[in-house]
Structures are given as C-alpha cells and as structure tokens.
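Student: sequence first, then the predicted structure, then my questions.
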Amino acid sequence: MSEMNVNQVLAQMRAMSLEAGSKVQETGGGGADFAAMLKQTIGAVNDTQQTAGKMTEAFESGDTNVSLAEVMVASQKASVSFQAMLQVRNKLVEAYQDVMNMPM
C-alpha cells in the first residue's frame, strides 16, 4: 500500500475550499439563476459520487495506483456533498410548505 503525503492532501483540500468559495461568489452576484445553480450543484454532487465509485472499483480490482486512503477520502467527499445537498432540499421543501400555508 502506498503512503499518503499529509501535506499534499491538505493542499488539495485548501485548493478545493478556495475553488468552492470562488464559485459561490461568482454565482452570488447580480441575478444568478437559482435553477441553473441548483442544477450545477446536483451535477457536481453526481460527479463526486461517480468519481468515488470508480476509485472504489479500481481499488477493489487491485489497481496499485489507488490507495485505500484516497478511496476513503473520495467516499467521504461524496457522502458529505450528498448530505449537504439533502439538507438544502429539505430546507427548500420546508420553505415551500411555509409559503403554501400562508393565508391569502
């Protein structure tokens, strides 16, 4: 099993954090289409899950280029992104129900 460089992983996490922050700022400005942003986010979550699945399959098939640590990190990224998307969906449904229950 290959040894994972902690500094490299931290650098990747920082880069991803900066990338995610810049995407929010780009779409947060003047008149961003919420539906397009939601669709883009769902696509990103799907891509993350697909990548984690491919890495898992590669590790299970014995590919020496994929370490267990990388597979676990990818799986956790997919899980966290899915849970975040699920919470956003729950808040949207709750907001919709609140609006529908408002008196006219």
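Tutor: Great, that's in hand. Just so we're clear, the structure is a prediction, and the values are computed from it rather than from any experiment. Numbers count the residues shown, from 1 in each chain.
Student: okay, now the unreliable bits of the protein?
Tutor: 1-7, 9-10, 13, 17, 20-32 (pLDDT under 70).
Student: just the helices in it please.
Tutor: Using DSSP state H, the helices of the chain run over 6-28, 34-60, 68-100.
Student: how about TSV for those helices, with mean neighbour count added?
Tutor: (Each C-beta comes from the backbone N, C-alpha and C, glycine too.) Formatted as TSV, those follow (neighbours: other C-beta atoms under 10 Å):
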stretch	mean neighbour count
helix 6-28	10
helix 34-60	14
helix 68-100	13
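Student: residues contacting residue 53?
Tutor: Contacts for residue 53 (C-beta atoms under 8 Å, 6 or more residues apart in numbering) come out as residue 78.
Student: that one and residue 98, how far apart?
Tutor: Distance, residue 53 to residue 98, by C-beta to C-beta, to the nearest Å: 36 Å.
Student: mind checking how far the most centrally placed residue in the chain is from residue 42?
Tutor: By C-alpha atoms, centre = their mean, the chain has its centre lying nearest to residue 81, at 3.4 Å. Going from residue 81 to residue 42 by C-beta to C-beta gives 10 Å.
Student: got it, and residue 53?
Tutor: Residue 53 is 16 Å from residue 42, by C-beta to C-beta.
Student: and if you look at residue 93?
Tutor: 15 Å.
Student: and what of residue 59?
Tutor: Taken as C-beta to C-beta, the span from residue 59 to residue 42 is 26 Å.
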